[in-house]
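[1] Build the 3D model from these lines:
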Amino acid sequence: MNDRPSIRLPATLLLIGQVLFIVVTQLHADGPANNHHAVFAEYARSATWKAVHVGQFAAMSIMLAGLIALFLALDAGTGKAKWLSRFGVAAAVAALALYAVLQAVDGVALKQAVDAWASAPATEKALRFANAETIRWLEWGVRSYQNFALGIALLLSGLAVVRTVSLPRGIGYLIGLSGLVYLAQGWIGETEGFSQKHTIAIVGAFVLDLAWMIWLLMVSLRTPNSERATSPA
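    Prediction:
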């Protein structure tokens, strides 16, 4: 149990990042995501678009920093465990880099494109709309591969937790299940876009993430029996 305090910081960062991400995402301009005429009009009217996307990036950065810190805390430093940690960190870094690209495409390029479409004269509407759709489809692709990278990172994290005798294996299994849901998000996103099934996968990932992150933080906050036995009365 002696390594539990070492996961306290990763667990805290993970939960704070995930909660912030969920909260900030609720402020995102809404609408039928695959009905581009309707949703682009909502996006063009949004006055908080840039702030929301910067907030999402900050929250994702905190969460992935927590995931990287978790890999480092669980790194046994030898053999298979060493390579597991390295691959996990690489996948988490890739997920963060892809999320930065995603926010550049969605948070900047798409907003500029829908604003140009909304304010364009009638003779230019069709061309401006086609430009905005092209950027939207690029968003689908980047979002899909970011989900794949995050899913792989979580699967590796779940395996690392399962291999750690001081942590409940159930946490590792939940992390792994969360990773599978992110992989499903990636597949649905690249084939159907932001469909209803994609939304269900997002909500499912949020629920699973909160479950294992809260559990991990609770475990990290428990004082090991050996410490309690030697602590002064």
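[2] so where's the protein uncertain?
    1-5, 76-81, 223-233 (pLDDT under 70).
[3] which residues of it fall in helices?
    For the chain, the helices defined by DSSP state H cover 8-25, 36-45, 49-74, 79-103, 111-119, 125-162, 169-192, 196-221, 225-230.
[4] Now the ones you listed in CSV, please, with extra columns for mean neighbour count.
    Every residue, glycine included, has its C-beta placed from N, CA and C. Below are those laid out as CSV (neighbours: other Cβ atoms under 10 Å):
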stretch, mean neighbour count
helix 8-25, 19
helix 36-45, 17
helix 49-74, 20
helix 79-103, 18
helix 111-119, 18
helix 125-162, 20
helix 169-192, 20
helix 196-221, 18
helix 225-230, 9
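[5] Identify the residue nearest M60 in space, chain neighbours excluded?
    Nearest non-adjacent residue to M60, counting by Cβ to Cβ, 6 or more residues apart in numbering: Y99, 5.0 Å away.
[6] Next up, the contacts around the residue nearest to the spatial centre of the chain.
    The chain has M60 as the residue nearest its centroid, 5.7 Å off, counting by Cα atoms, centre = their mean. Shown in contact with M60 (Cβ atoms under 8 Å, 6 or more residues apart in numbering): G17, F21, L96, Y99.
[7] any chance of these in JSON lines, with distance to I171 too?
    What follows is the contacts of M60, written out as JSON lines (distance: Cβ to Cβ, whole Å):
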{"residue": "G17", "distance to I171": "17"}
{"residue": "F21", "distance to I171": "20"}
{"residue": "L96", "distance to I171": "22"}
{"residue": "Y99", "distance to I171": "24"}
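[8] now, the most widely separated pair of those residues?
    F21 and L96 (12.8 Å; Cβ to Cβ).
[9] how near is A130 to A104?
    21 Å (Cβ to Cβ, to the nearest Å).
[10] do the same with T164
    T164 is 36 Å from A104, by Cβ to Cβ.
[11] The two: which is more packed in?
    T164 (19 against 14; other Cβ atoms under 10 Å).
[12] Spatially nearest residue to that one (excluding sequence neighbours)?
    Closest to T164 by Cβ to Cβ, 6+ apart is L74, at 5.4 Å.
[13] now that neighbour: how far from E42?
    Taking Cβ to Cβ, one finds L74 at 43 Å from E42.
[14] likewise P32?
    9 Å.
[15] swap in V101?
    23 Å.
[16] cool, and E124?
    Applying Cβ to Cβ to E124 and E42 gives a distance of 21 Å.
[17] hang on, isn't S178 packed against D209?
    Yes: contact criterion Cβ atoms under 8 Å: S178 and D209 qualify, at 5.6 Å.
[18] Name the nearest residue to K125, sequence neighbours excluded.
    Using Cβ to Cβ, 6+ apart, the closest residue to K125 is W117 (6.7 Å).
[19] Thanks a lot, catch you later.
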